[in-house]
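>>> need coordinates for the below:
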Amino acid sequence: MKNKALIIALILTLCAFSSCGKEKGSVSIADTAKSAETAAVTTAVTETTAVTEITTAEEKTESTTAEATAAAANDDNAEAGSEPADDKSAEEESFTGRWGLGRATIEITDKGEGEYRALIKWGGNGDSFSMWIYPLEPEDGKLVCKGKGTKTNYDVKEGETQLSETEEYTDGSAEFRLEGKQLVWDDLTGHCADGQLFDKELSY
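Next comes the predicted model:
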């Protein structure tokens, strides 16, 4: 009877030990799985953060480089075009205005975009006069017309009160140059003012 009781107690003890081992083993596996999952998530977050930081840094670098390149290009363009344009404009501006010599007047105007016009009126007898019109372009410190100038004569015929208009030519050439503070008109077609100096009218 005692042996039977000992056997039963031994069986119960072994069962208890077996049950405890199984529970402890199952808990250990679950904890290990959770730990692995947490580690994987942490690694993924860390890698994503690192990639985001690198991308942001690269974008900032590219933006800064682009801005610096654009600023340098603007500076180069300004340096390349400013000084010559200012000098040229000041030189050509000296031609504009009204110039006079006796009964002759020359009016030079800036038409913009590098184009100028000279209108010359030279009085004759009574109400008669001649008029020249030259489209001009800058060239080697002068204002030049190449074959596009016109000359028109205006006269009052005997017995009439109105001016008659006669076109003399439409293919005239001329050059205008400065000598000190005076203007020289080189009429390359009719040579009507060779060597004569025109003074600028300050009241213009």
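
>>> so where does Glu92 fall, helix or strand?
Secondary-structure assignment from DSSP states H and E places Glu92 in helix 2-93.

>>> what's the following helix or strand after that helix?
Next in sequence after helix 2-93, counting helices and strands by DSSP H and E, comes strand 97-101.

>>> name the residues of the first helix or strand past that next one going along the chain that come out as buried.
Counting by DSSP H and E, the element after strand 97-101 in chain order, helix or strand, is strand 104-112. Along strand 104-112, the positions that meet the burial threshold by neighbour count (16 or more other C-beta atoms under 10 Å) are 104-108. Placement of C-beta: from N, CA and C, glycine included.

>>> out of the residues you listed, who's nearest Gly97?
Nearest to Gly97 among those: Ile108, at 6.6 Å, using C-beta to C-beta.

>>> what residue spans form the domains of the chain?
As recorded under automatic domain parsing, the domains making up the chain are 1-93, 97-200.

>>> what is the closest residue to Glu137 other than its chain neighbours paired to in the beta sheet?
Taking C-beta to C-beta, 6 or more residues apart in numbering as the measure, Glu137 lies nearest to Val144, with 5.9 Å between them; neighbours along the chain are not counted. Beta-bridge partners for Val144, by DSSP bridges, are Glu137, Glu175.

>>> for Val144, what are its contacts?
Contacts here follow C-beta atoms under 8 Å, 6 or more residues apart in numbering; on that basis Val144 touches 136-138, 174-176.

>>> quick check, pLDDT for the residue nearest to Phe129 when sequence neighbours are not counted.
Among residues not flanking Phe129 along the chain, Gly123 sits closest, at 4.7 Å (C-beta to C-beta, 6+ apart). Reported pLDDT at Gly123 in the predicted model: 92.

>>> what's the burial count for Gly123?
Neighbours of Gly123 under the rule other C-beta atoms under 10 Å: 13.

>>> hmm, back to that, least reliable of the domains of the chain going by mean pLDDT?
When those are compared on mean pLDDT, domain 1-93 scores lowest, with a mean of 53.

>>> need the distance between the two termini of stretch 134-144.
End-to-end distance for stretch 134-144: 9 Å, by C-alpha to C-alpha, to the nearest Å.

>>> try stretch 150-164
The stretch stretch 150-164 measures 16 Å between its terminal residues, going by C-alpha to C-alpha.

>>> quick one on the thing from earlier: tell me the one of the contacts of Val144 nearest Gly100?
Looking across these and measuring by C-beta to C-beta, the closest to Gly100 is Phe176, at 14.3 Å.

>>> thinking the closest one is in contact with Leu188, fair?
No: using C-beta atoms under 8 Å, Phe176 is not in contact with Leu188; the gap is 11.0 Å.

>>> those two - which one has more neighbours?
Phe176 (22 against 15).

>>> who's in contact with that one?
Residues counted as contacts of Phe176 (C-beta under 8 Å, 6+ apart) are 95, 106, 108, 118, 136, 142-144, 183-186.

>>> now swap in Glu137 and tell me
By C-beta under 8 Å, 6+ apart, Glu137 lies in contact with 114-116, 143-145.
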